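> what's the 3D shape of this:
(2 chains)
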2 protein chains.
Amino acid sequence: MKTVTEIRPIKWDPRRKRLILLDQTLLPGEEVFREYQDPAEVAAAIRDLVVRGAPAIGCAAAFGVVLAALGCAGEQPLHSEACIRGAMAEFRATRPTAVNLFWAIRRMEGLLAACPDPDKIPMILETEAIKIYEEDLAACRSIGDHGAGLVPEGARVLTHCNAGGLATAGYGTALGVIRSAHRQGKIRMVWVDETRPVFQGARLTAWELLREAIPATLITDSTAGSLIASGKVDFIVVGADRIASNGDVANKIGTYPLSVLADRHGVPFVVAAPLSTFDPGIASGEEIPLETRDPGEVTGFKGVTWAPEGMPALNVAFDVTPASLVSAIATEKGILKPPYPAAIASLLR
Amino acid sequence: MKTVTEIRPIKWDPRRKRLILLDQTLLPGEEVFREYQDPAEVAAAIRDLVVRGAPAIGCAAAFGVVLAALGCAGEQPLHSEACIRGAMAEFRATRPTAVNLFWAIRRMEGLLAACPDPDKIPMILETEAIKIYEEDLAACRSIGDHGAGLVPEGARVLTHCNAGGLATAGYGTALGVIRSAHRQGKIRMVWVDETRPVFQGARLTAWELLREAIPATLITDSTAGSLIASGKVDFIVVGADRIASNGDVANKIGTYPLSVLADRHGVPFVVAAPLSTFDPGIASGEEIPLETRDPGEVTGFKGVTWAPEGMPALNVAFDVTPASLVSAIATEKGILKPPYPAAIASLLR
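Residues are numbered from 1 along each chain as shown, chains lettered A, B, ... in the order given. Below is the predicted model:
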């Protein structure tokens, strides 16, 4: 049935102990896989968006910690642990918003602290990273299947940014929902928000949908408003970078306005995310740190500059959608509905 | 007091009978003025956005008709009139949404029909085109001064697209309001929506504000939502391409979502436009034709392409904001407030 290879943006070579990342900064023009042995280079790859998307960042950081453990292995036990913890700190400093990064490192850290035999640390961490990766892949399929149940027949679905195979171990969260719904014959059209400033929609989501022949049309982010108002959008699904315990959702800048428009026009607004995206440690979205990035991402792209020289620009990469505007959250354990505080507490218990 | 030359995107050389346009497709990188003698080339310049902005299109088309009249002058009287009317039809076919174009041509057409002496037609039309131009310049100053009265002290003002000196004979409509408010010391910050797909905000509004040292920060269009939600926007002012007799406003795509966000968060949403932008011939925004442009404007910019080859894109250039979301309309005759049908009828009487 399948004619297209599934997307795998992150690969681990267990024999050569190398992390292999699909360089997403070059998509859709070039498909280049890069090999990593140096954890500092993995951290740079996360910062520079070679790998991006909350779940994918978590997986990449986990394998980055494995590379650190392998590199630190020759040292004295105490030094080795400090060396690994140093790499963990470096990963934590890469991108502040997506909680999956912190969640994955915390899992690795728990094993590191509990391991009585320093020689076994690299192997134990490698096993755990592979587990994180495989769990994410399974979670995405499950999110997709659960979420697809919410999609109406003949739906014109709008999505923002890329919460696809590229943003996860594979299959995607929001695009997982779209993939599963497409297999069920429910998708009439996917409206793809281009997602300024880095064009993850135009570059990555478009690429994923096009290669699987799922009907899709690219729009500028501000076109969504009139499409929604004119009844041409039946369902909105987005991913998430962090979900607070009250259900507030941090996601790519531009998600909040979509949720307001969906609310005004009675269109379901669904968030698709694995359990690793929930942050039980924070009460609401106000506590989520929102990453500010280089203004150069706003003033131009790949060598073309549109703004006049010297023009200041603000580049906040995320916004927060209040739980009150979220119709449902699709997770690997099923669909959450309001009131979210209770639903989320019971999910994470 | 003034240290910067005011922007004049349209000039008429009365001696050599040439229209001179600042090529806005090259801004902000290059300031190139192009000379036109052939009306067909003026029509192409309007289509290709060498000159853009509703009032500016009206002025440019008026001078284009003058060039047509001069070119048609050698012909037999009846042929000459048909020749001018042919050029008028060509201008009407350039861009469907901005009503100022149709308004300006109708003014010219009225004189053409009424003129008993064919030899005098070019001179009469030239006088009228200059009048349209000078009226627009005066209207913009007046709009700016009226609108500035609505701007609060220390305002952080958000604007979309370019409704500036470049979009008019000079001074601007929405930017006229900002200029006048700035002279009154009221402007703390202008948030400039970049305005995808053609970046009129990033290229043109940024350029205008930067050269006059009005404090400004460029943002992606979808950043406006969280700025508004977090209380960092005190006032929104935009231009208009056509205003229906009930007060519905067609303007650059992305205006409608801003009006929804402004409404939700209690931020004044003001439209600035001259009388020539009102269309008494239509009852509501539903009747306004919305221009669809080349998908290539969405998939890339100036030779850089971000979408994968073969990705379909939708490029609707305008959307409609219902009158119920418009706090006020600043015109050269004063400020209109709801209920708009009565206010507009009395204005145009």
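
> Does A:S222 touch B:T223 like I think?
No: shown here, A:S222 and B:T223 do not form a contact pair, counting by C-beta atoms under 8 Å, at 11.0 Å. No exception for glycine: its C-beta is placed from N, CA and C like everyone else's.

> What pLDDT does the model give the residue of the stretch 101-250 of chain A at minimum distance from chain B?
Residue nearest to chain B within the stretch 101-250 of chain A: A:S222 (2.9 Å; C-beta to the nearest C-beta). For A:S222, the model assigns a pLDDT of 98.

> Who are the contact partners of it?
B:T195, B:R196, B:D221, B:S222, B:I253, B:G254, B:P257 (C-beta atoms under 8 Å, 6 or more residues apart in numbering or on different chains).

> out of those, which are inside helices?
B:P257 (DSSP state H).

> of all the contacts of A:S222, which comes closest to A:R18?
B:S222 (37.3 Å; C-beta to C-beta).

> who's in contact with the closest residue to that closest one other than its chain neighbours?
Of all residues not flanking B:S222 in the chain, A:G254 sits nearest, at 2.9 Å (C-beta to C-beta, 6 or more residues apart in numbering or on different chains). Counting by C-beta under 8 Å, 6+ apart, A:G254 touches A:H160, A:C161, A:D193, A:T195, A:R196, A:D221, A:D319, B:T220, B:D221, B:S222, B:T223, B:G225.

> correct me, but the second one touches A:T205?
I take that to be A:C161. Yes: between A:C161 and A:T205 there is a contact at 7.3 Å, judged by C-beta under 8 Å.

> hey, what's in contact with both of those two?
Common neighbours of A:C161 and A:T205 (C-beta under 8 Å, 6+ apart) are A:T195.

> Quick one, grab the pLDDT at A:T3.
66.

> what about the most far-flung residue of chain A relative to its centre, distance to A:R141?
No residue in chain A sits farther from the centre than A:Q76, which is 36.5 Å out by C-alpha atoms, centre = their mean. A:Q76 is 43 Å from A:R141, where distance means C-beta to C-beta, to the nearest Å.

> Tell me the neighbouring strands of whatever helix or strand A:M189 lives in, and mark each as parallel or antiparallel.
Using DSSP states H and E, A:M189 sits in strand A:187-193. Applying DSSP bridges, strand A:187-193 is found paired with strand A:155-159 (parallel), strand A:216-219 (parallel).

> my read: A:A323 touches A:A342, true?
No: judged on C-beta under 8 Å, A:A323 makes no contact with A:A342 at a distance of 11.7 Å.

> Which of these two has more residues huddled nearby?
The residue with more neighbours, out of A:A323 and A:A342, is A:A323; 22 against 11, by other C-beta atoms under 10 Å in any protein chain shown.

> so what pLDDT did that one get?
For A:A323, pLDDT reads 98.

> returning to that earlier point: roughly how far apart are the residue nearest to B:S222 and B:P55?
30 Å.

> Quick check: residues of the stretch 1-150 of chain A near chain B?
A:P28, A:G29 (C-beta under 8 Å from any C-beta of the partner chain).

> ranges for the helices of the stretch 1-150 of chain A?
Along the stretch 1-150 of chain A, the stretches classed as helices by DSSP state H, counting those that start in this stretch are A:39-47, A:54-72, A:77-92, A:99-114, A:121-148.

> now the angle from the fourth one to helix A:77-92?
Just to be clear, that refers to helix A:99-114. Going by axes from the mean of the first three to the mean of the last three C-alpha atoms, to 10 degrees, helix A:99-114 is angled at 170 degrees with respect to helix A:77-92.

> which parts of helix A:99-114 are buried?
Using 16 or more other C-beta atoms under 10 Å in any protein chain shown as the test for burial, helix A:99-114 gives A:V99, A:N100, A:L101, A:F102, A:W103, A:A104, A:I105, A:R107, A:M108, A:E109, A:L112.

> dump the residue contacts of A:A345.
Taking C-beta under 8 Å, 6+ apart as the criterion, A:A345 is in contact with A:S245, A:P280.

> Check which helix or strand it maps to.
Going by DSSP H and E, A:A345 is in helix A:340-348.

> pull the CA atoms of that helix into PDB?
Taking Å, rounded to 0.1, in the frame of the first residue of the first chain, the C-alpha atoms of helix A:340-348 are listed here in PDB:
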ATOM      1  CA  TYR A 340      -8.000  20.200  31.300                       C
ATOM      2  CA  PRO A 341      -6.500  20.500  34.800                       C
ATOM      3  CA  ALA A 342      -8.300  17.300  35.900                       C
ATOM      4  CA  ALA A 343      -7.800  15.500  32.600                       C
ATOM      5  CA  ILE A 344      -4.100  16.400  32.500                       C
ATOM      6  CA  ALA A 345      -3.500  15.400  36.200                       C
ATOM      7  CA  SER A 346      -5.200  12.000  35.600                       C
ATOM      8  CA  LEU A 347      -3.200  11.500  32.400                       C
ATOM      9  CA  LEU A 348       0.200  12.100  34.000                       C
END
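
> For the host helix or strand of A:V298, buried residues please.
If you go by DSSP H and E, A:V298 is part of helix A:296-299. For helix A:296-299, a neighbour-count test (16+ other C-beta under 10 Å) marks A:E297, A:V298, A:T299 as buried.

> Can you lay out those residues as CSV showing pLDDT and distance to B:V51?
Shown next, in CSV, are the buried residues of helix A:296-299 (pLDDT from 0 to 100; distance: C-beta to C-beta, whole Å):
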residue, pLDDT, distance to B:V51
A:E297, 98, 30
A:V298, 98, 26
A:T299, 98, 24
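
> okay, those in a markdown table with distance to chain B next?
Output for the buried residues of helix A:296-299, formatted as a markdown table (distance: C-beta to the nearest C-beta, whole Å):
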| residue | distance to chain B |
| --- | --- |
| A:E297 | 9 |
| A:V298 | 6 |
| A:T299 | 7 |
